[in-house]
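Asker: need a 3D model of the sequence below.
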Amino acid sequence: MKNSFQDSGLGRQGRQGNTALPALAVLLLLFTALGLLPSARSVKAAPGGTNVQPRPVGVVTDAPAITISTAAATSSATPTTSAHEAQIQWTFGAVSGRYSSCTVQAKTSYDGTNFLTLGSPASVTATSGTVNAWTVIEQMGTGSVTTSAVSSTAALGFGQVTEFAFSCASYGTAAPVTVSVIYR
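Answerer: Numbering: from 1, shown residues only. From the prediction side, this is the model:
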């Protein structure tokens, strides 16, 4: 009986069927490991910041905080390491007093401490209900490689963090503003 069982080939088929099980286990392990890797769609928010909202890959919206009560104020900084463009909107609430010749200057930092200007200052109107919108676009080279002039005050691209500096020639007592920025 033993010989007829081996001769029928059932012993070999039983052993061949077991080779699929290790292959399935390897595939299951591979898919589990891939699921544990970080997603390419994740966008890191500001450290401890609740004002940054992730959007689709490469897009971050931000509402940096700023309090304007004198001739100058600087917003909170936002992480902008992968940004190449910022679409900015400042909407003023009920402004108290008269603010004139006001500008907003984007400033960026590569080390989180030393800030360089990014682009030119944008002229804004600081009156009740006024909406001011503008865009800052990182400069692109015209050839395959472009080297900028060395500067201790200006940057041609977004650094690690970016903030906005507001200033006016004359000012009132309060200029509440809501700032909205989309970084791409």
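Asker: which SS class is Ala23?
Answerer: helix (DSSP: H, G, I helix; E, B strand; the rest coil).
Asker: any idea how far it is from Thr32?
Answerer: 15 Å (Cβ to Cβ, to the nearest Å). Bear in mind the C-beta positions are built from the backbone N, C-alpha and C, glycine included.
Asker: which residue comes closest to the residue nearest the centre of the chain once chain neighbours are left out?
Answerer: For the chain, Val60 is the residue whose C-alpha lies nearest the centre (Cα atoms, centre = their mean; 4.4 Å). In space, Val60 comes closest to Tyr183 once its chain neighbours are excluded; the distance is 4.7 Å by Cβ to Cβ, 6 or more residues apart in numbering.
Asker: Thr78 is in contact with that neighbour, correct?
Answerer: Yes - between Tyr183 and Thr78 there is a contact at 7.2 Å, judged by Cβ atoms under 8 Å.
Asker: overlap of the contact sets of these two?
Answerer: Here Tyr183 and Thr78 have 60, 62, 162 as joint contacts, going by Cβ atoms under 8 Å, 6 or more residues apart in numbering.
Asker: of those, which belong to strands?
Answerer: Residues from those lying in strands, with DSSP state E as the criterion: 60, 62, 162.
Asker: quick check: the second one touching Val181?
Answerer: Yes - the pair Asp62 and Val181 qualifies as a contact (Cβ under 8 Å) at a distance of 4.7 Å.
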